[in-house]
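# give me coordinates for this.
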Amino acid sequence: MNIIVCIKQVPDTNEIKIDPVTNTLIREGVESIINPFDLYAIEAAIRLKEQYGGKITALSMGPPQVESALRETVSMGVDEIVLLTDRKFAGADTWATSLTLAEAIKKIGEYDLIFFGQQAIDGDTAQVGPGVAAHLKLPQTGFVRKIEEIKDGKMIVQRLMEDGYDRIQISLPAVLTVVKDINIPRLPSLRGKRNAKVIKMKIMTAADLDLNENDIGLNGSPTQVVKIFSPEFKKDVEKHELPAEELTEILYKKLKEFGK
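As a prediction, the model looks like this:
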């Protein structure tokens, strides 16, 4: 079984700095970690490899320093690592990111499953996994809490819902995004750490992908942050103790004023 796990390196801080020109995160000089949700995706992939055999490739898009995160995945049990890095990828929104990852996955070759964490802690959109599935025209399931079985080119998974879970059968190849309930990520092994130091990382740039420069990075992002600001906090409070009919009339008038 060939598995691809897409990971993201995120800032390990709550003090986020924003570029005033591009309105994107400033990542330089900030200590980074593997997106915590992605650790569960890595562990899920490793457990499937242990059960069915095969190979795991970790893929990430970002600046050169993402190499440290990719090598960390090797210390856990990943077999190959691929870094998508190019200044032309900078500023990509979820659409441009998923398109770029999808094209890189095509270049990697055969795969049975593509794993993502539920979402990234520096964005919380949960859109990139489903976006990759859409670009690759693959079936996908989100919020996977358990993989029950894989047989005859199909798999049965449990998808977490607000009031329990759904059991879903999905054909392979497929894209899955997993939640924390699925497992407990393992710690890196000593052998894994040795492998992480010597493994050769494959690097892809924009020139390696069959994409137009207008479709990647900030240029290829249909959604862009126009302005970032702290919301104004007002303490103006009106208090009314009246019958419900009169309160309703007051509320209606206030809503009409806000609407204008």
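# when you work out contacts or count neighbours from here on, use the C-alpha atoms and nothing else.
OK.
# kindly check the end-to-end length of stretch 121-141 for me.
20 Å (C-alpha to C-alpha, to the nearest Å).
# low-confidence ranges in this protein?
13-30, 229-230, 260 (pLDDT under 70).
# how about the helices of it, start to end?
With DSSP state H as the criterion, the chain has helices at 36-52, 67-76, 94-108, 128-136, 190-198, 244-259.
# list the buried ones in the last one?
I take that to be helix 244-259. Residues of helix 244-259 include none that count as buried (16 or more other C-alpha atoms under 10 Å).
# ok, the fifth one next?
Of the residues in helix 190-198, those buried under the neighbour-count criterion (16+ other C-alpha under 10 Å) are Gly192, Lys193, Asn195, Ala196.
# now for that helix, which elements pack on it?
Helix 190-198 is packed against helix 67-76, with contacts defined by 3 or more C-alpha pairs under 8 Å, 6 or more residues apart in numbering; DSSP states H and E.
# between helix 190-198 and the helix it packs on, find me the angle.
Interaxial angle, helix 67-76 versus helix 190-198 (axes from the mean of the first three to the mean of the last three C-alpha atoms, to 10 degrees): 150 degrees.
# which elements pack onto helix 67-76?
Judged by 3+ C-alpha pairs under 8 Å, 6+ apart, helix 67-76 is in contact with strand 55-61, strand 80-84, helix 190-198.
# repeat the analysis, applying 7 Å as the threshold.
When contacts are defined as 3 or more C-alpha pairs under 7 Å, 6 or more residues apart in numbering; DSSP states H and E, helix 67-76 packs onto helix 190-198.
# just the CA coordinates of the helix it packs on, formatted as CSV?
Extracted in CSV, the C-alpha atoms of helix 190-198 (Å, rounded to 0.1, in the frame of the first residue of the first chain):
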residue,chain,number,x,y,z
LEU,A,190,16.4,5.9,17.8
ARG,A,191,16.6,4.1,14.5
GLY,A,192,14.1,6.6,13.0
LYS,A,193,16.2,9.5,14.2
ARG,A,194,19.3,8.0,12.5
ASN,A,195,17.4,7.5,9.3
ALA,A,196,16.1,11.1,9.4
LYS,A,197,19.6,12.4,9.4
VAL,A,198,20.7,10.6,6.3
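# list the contacts of that helix.
Contacts with helix 190-198, where a contact means C-alpha atoms under 7 Å, 6 or more residues apart in numbering, come from Arg71, Glu72, Val74, Ser75, Met76, Gly77.
# one more time with 10 Å, if that's ok
With contact meaning C-alpha atoms under 10 Å, 6 or more residues apart in numbering, helix 190-198 is reached by 68, 70-81, 188-189.
# got the helices of the chain as TSV, with distance to Lys180 columns?
What follows is the helices of the chain, written out as TSV (distance: least, C-alpha to C-alpha, whole Å):
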stretch	distance to Lys180
helix 36-52	6
helix 67-76	17
helix 94-108	22
helix 128-136	16
helix 190-198	23
helix 244-259	41
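# so for Arg87, which of those sits nearest?
Nearest of the helices of the chain to Arg87, taken as C-alpha to C-alpha: helix 94-108 at 13.1 Å.
# could you measure from the closest residue to Ile42 other than its chain neighbours over to Thr223?
Distance criterion C-alpha to C-alpha, 6 or more residues apart in numbering; nearest residue to Ile42, sequence neighbours excluded, is Val5 at 6.4 Å. Distance of Val5 to Thr223, computed by C-alpha to C-alpha: 25 Å.
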